[in-house]
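Participant: I need the structure of the sequence given here:
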Amino acid sequence: VQLQASGGGEVQAGGSLRLSCKVSGRPISSYLMAWFRQAPGKEQEFAAAVTWTTSSPYYADSVKGRFAISRDNDRNTVYLQINQLKPEDTGIYYCMIPDIGGRSIWGQGTQVTVSS
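Facilitator: Sure thing, here's the model as predicted:
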């Protein structure tokens, strides 16, 4: 199973980005999917997750109202829409599957840089 994140870039504060995470090797329809991020010099932190049963979203308090996670099982892809970007959103964004066969799988990350 491989996860390929894309969609990052450099944007000005207040802008938007849509990150994508394409999964290959296994259908994602039965798995919880999540996005984490890591700002420069900081610990990795949870950003958002979406369940496989009802596609219910969950968000870190720091991103509620600005981030929107969604999944397209037909395309085997998970998305993270990020609006009203702030400089503190700068970092590497990782998609991951928390539990697939008893282990977690991470993508390679995509860089988001927000300039003020």
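
Participant: For the rest of this, base every contact and every neighbour count on C-alpha atoms.
Facilitator: Noted.

Participant: Which stretches in this protein count as strands?
Facilitator: Using DSSP state E, the strands of the chain run over residues 2-6, 9-12, 17-24, 33-38, 44-50, 57-59, 67-72, 77-82, 91-100, 103-106, 110-115.

Participant: tell me the most buried of these?
Facilitator: strand 33-38 (a mean of 23; mean count of other CA atoms under 10 Å).

Participant: For that one, which strands pair with it and how are they oriented?
Facilitator: Sheet pairing of strand 33-38 (DSSP bridges) gives strand 44-50 (antiparallel), strand 91-100 (antiparallel).

Participant: Check the gap between Pro87 and Ser104 for me.
Facilitator: Computed as CA to CA, to the nearest Å, the Pro87 to Ser104 distance reads 29 Å.

Participant: And Ser62, by the same measure?
Facilitator: Ser62 is 24 Å from Ser104, by CA to CA.

Participant: do Arg66 as well
Facilitator: Taking CA to CA, one finds Arg66 at 26 Å from Ser104.

Participant: show me where pLDDT drops low in this structure?
Facilitator: Counting by pLDDT under 70, the chain contains no low-confidence range.

Participant: If the residue most central in space within it is in a bridge, with which residues?
Facilitator: The centroid of the chain falls nearest to Trp35 when counting by CA atoms, centre = their mean (3.1 Å). Per DSSP bridges, the residues bridged to Trp35 are Ala48, Cys95.

Participant: Would you agree it is in contact with Tyr93?
Facilitator: Yes: contact criterion CA atoms under 8 Å: Trp35 and Tyr93 qualify, at 6.8 Å.

Participant: ok, now which residue in the protein is the farthest from the centroid?
Facilitator: Ser116 (22.3 Å).

Participant: contacting residues for the closest residue to that residue other than its chain neighbours?
Facilitator: Using CA to CA, 6 or more residues apart in numbering and skipping the chain neighbours, the partner closest in space to Ser116 is Ala13 (5.2 Å). If you count contacts by CA atoms under 8 Å, 6 or more residues apart in numbering, Ala13 has them with 84-87, 114-116.
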